[in-house]
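Chemist: Fold the stuff below for me.
(chains A and B)
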There are 2 protein chains.
Amino acid sequence: VEACLERCLPPENRRPERLHAAMRYAVLGGGKRVRPLLVYLTGEALGIPTARLDGPSVAVELIHDDLRRGRPTCHRAFDDATAILAGDALQVLAFQLLATDEAMVADFRKRIAIVEELATASGTAGMAGGQAIDLWAQGRSMDIETLETMHRLKTGALIRASVLMGAWSADDLPEGTIGALAAFGDAIGLAFQIQDDILDVEGETNTLGKTAGSDRARDKPNYPSVAGMEAAKRRAGDLCDAAIASLSGMGPGADPLREMARFIVARPY
Amino acid sequence: VEACLERCLPPENRRPERLHAAMRYAVLGGGKRVRPLLVYLTGEALGIPTARLDGPSVAVELIHDDLRRGRPTCHRAFDDATAILAGDALQVLAFQLLATDEAMVADFRKRIAIVEELATASGTAGMAGGQAIDLWAQGRSMDIETLETMHRLKTGALIRASVLMGAWSADDLPEGTIGALAAFGDAIGLAFQIQDDILDVEGETNTLGKTAGSDRARDKPNYPSVAGMEAAKRRAGDLCDAAIASLSGMGPGADPLREMARFIVARPY
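Modeler: Residues are numbered from 1 along each chain as shown, chains lettered A, B, ... in the order given. Down below sits the predicted model:
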């Protein structure tokens, strides 16, 4: 993933240098790379050649919420205007890549489906919408339903899209595969953010890469604060089980996806 | 164009309301709509049904540099975080639309070409790159070559893309058409920004919709300040002629495009 990102990002010595530097700073050398990994694991489950997955894998990682990173954000390392431009430029680079990468799936209808998954998951019905609810939520109380909606949009949508972008890269899709993988992606997407919330309360600052308790410090509702810690852990476990159950029609090739679902709710960081 | 934009933007009474309101504020009720118009005029020159052009026309208008508008920018009317999110969300809405609009050209290869034009023209080799040079330029002197590069990227690239997105919507493209229209779009794109610079120096504040002399006030190089007013007007006129010459192989159906080239360098606002 790092090598693909490195190759796809414009070099720092090409004009406009500062913008390219900010883009590289925002993307390289950080992040868990869960979403690219999901693209590859889904591809593996469907027998897709790895090179065909590089484009979708890089594209989904170019879109991210830089406010939540552990290292100083791009806004502080550069300046506001450059950071905003870098975010815009990374986002369109993702779509440019999906339109031009020759190693991707040959069927243009499927390429368009991949563009649609990424765009929908990044916009107001996805990440941007979730971030907007997140902004609105600061200093407010929230019921569990609204909190789950926020989590599904802000984090879940791009996790689900990663799985589906992998799936649309297949030449042939057995009937029911898209539905099964969409259900899988939905479940692990929400589970991922609930586990993030749990770690925000319980995790150690240095393992986590961001400051533990940061939600509480910013007076933001999270899953344990709204539903209680026990309920949060139960919900994450149930979602992991549901994710695995949704893959019941898929063979042992999907075992790494099942493993990933378990990792997502067991990870210590 | 207004009706299509209105229909494609998420309603203000749907959650997240504030984000949707900011998106609508940024796009509706303002702008010269030159880029959507170019999509339609190119389509007209190629005999393409109007409905097929609505998607590309809206998509290109959703991507814009909100810092240059005459009315208070989205940043001031809402808040920084919401304005940044709205810009991101508008950008991905453009790609979502290109992926999902059923009235668009049926050939998915051409849809991907349209996605590529928009993405390339919006990124570091287009608008975002031009804006980065613009940021760098404040308080510096600039040679005419760098200034033209900045103008071609910041404004020209999306004008060129508008023409080509219209062209790719055709079922059949006579040989040489894409090349001719690309040359046309290049020339009018640069001419448009040179005329903007001329109007910035000469125009009346109330006709212009932004403050005349605003480049000088911000100590930013523009075409008349770098090359002189006479050279600026000559360059704009030459580019208009070159644009019209590049359409020599196209019949009277392209007359509205030729008219548009003349308007771009003659417009008083």
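
Chemist: Just the buried positions in stretch A:10-18, please.
Modeler: Using 16 or more other CB atoms under 10 Å in any protein chain shown as the test for burial, stretch A:10-18 gives A:10, A:15-16, A:18. Glycine gets a C-beta too; all of them are placed from N, C-alpha and C.

Chemist: okay, now the closest residue to chain B within the stretch 151-269 of chain A: neighbour count?
Modeler: Nearest to chain B in the stretch 151-269 of chain A, going by CB to the nearest CB, is A:Leu153, at a distance of 8.7 Å. A total of 27 residues lie near A:Leu153 under the criterion other CB atoms under 10 Å in any protein chain shown.

Chemist: Next one: it from A:Gly249, what distance?
Modeler: According to CB to CB, to the nearest Å, A:Leu153 and A:Gly249 sit 28 Å apart.

Chemist: What of A:Ile194?
Modeler: 26 Å.

Chemist: which residues in the stretch 101-250 of chain A form helices?
Modeler: A:108-122, A:127-137, A:144-151, A:157-167, A:177-202, A:205-208, A:214-217, A:223-227, A:229-246 (DSSP state H, counting those that start in this stretch).

Chemist: Who are the packing partners of the longest one?
Modeler: Yep, that's helix A:177-202 we're talking about. Here helix A:177-202 touches helix A:34-45, helix A:144-151, helix A:157-167, helix A:214-217, helix A:223-227, helix A:229-246, helix A:255-266, going by 3 or more CB pairs under 8 Å, 6 or more residues apart in numbering or on different chains; DSSP states H and E.

Chemist: most packed of the ones you listed?
Modeler: Highest mean neighbour count of the helices and strands packed on helix A:177-202: helix A:157-167, a mean of 28 (counted as mean count of other CB atoms under 10 Å in any protein chain shown).

Chemist: ok, A:Ile194 and A:Gly249, which is more surrounded?
Modeler: When neighbours are counted by other CB under 10 Å, A:Ile194 and A:Gly249 differ, and A:Ile194 comes out ahead with 28 against 12.

Chemist: Report whether the expected contact of the more buried one with A:Met229 is present.
Modeler: No - the pair A:Ile194 / A:Met229 is not scored as a contact, 10.9 Å apart, by CB atoms under 8 Å.

Chemist: residue contacts, A:Ile144?
Modeler: By CB atoms under 8 Å, 6 or more residues apart in numbering or on different chains, the contact list for A:Ile144 reads A:226-227.

Chemist: for chain A, what helix or strand is lowest in average pLDDT?
Modeler: Within chain A, no helix or strand scores below helix A:205-208, which has a mean of 55 by mean pLDDT, DSSP states H and E.

Chemist: Per-residue pLDDT of the nearest residue to A:Arg235 once chain neighbours are set aside, please?
Modeler: Nearest residue to A:Arg235, sequence neighbours excluded (CB to CB, 6 or more residues apart in numbering or on different chains): A:Ile194, at 5.8 Å. Note for A:Ile194: predicted pLDDT of 97.

Chemist: ditto for A:Cys8
Modeler: 96.

Chemist: go on, A:Ala94?
Modeler: For A:Ala94, the predicted pLDDT is 98.

Chemist: so it makes contact with A:Ala59?
Modeler: Yes - in this structure A:Ala94 lies within contact range of A:Ala59 using CB under 8 Å: 4.0 Å.

Chemist: These two: who's more crowded?
Modeler: Between A:Ala94 and A:Ala59, counted using other CB under 10 Å, the more crowded position is A:Ala59 (30 against 27).

Chemist: A:Ala113 and chain B, how far apart?
Modeler: Distance, A:Ala113 to chain B, by CB to the nearest CB, to the nearest Å: 8 Å.

Chemist: State the number of residues packed around A:Gly47.
Modeler: Around A:Gly47 there are 10 residues (other CB under 10 Å).

Chemist: So it, which state does it fall into?
Modeler: coil (DSSP: H, G, I helix; E, B strand; the rest coil).

Chemist: who's in contact with the closest residue to it other than its chain neighbours?
Modeler: Spatial nearest neighbour of A:Gly47, excluding adjacent residues (CB to CB, 6+ apart): A:Gly253 at 6.9 Å. Contact partners of A:Gly253, counting by CB under 8 Å, 6+ apart, are A:44-47.

Chemist: Which of those residues sits closest to chain B?
Modeler: A:Leu46 (20.8 Å).

Chemist: ok, that closest one - how many residues close by?
Modeler: Count around A:Leu46 with other CB under 10 Å applied: 22.

Chemist: This completes my enquiry, with thanks.
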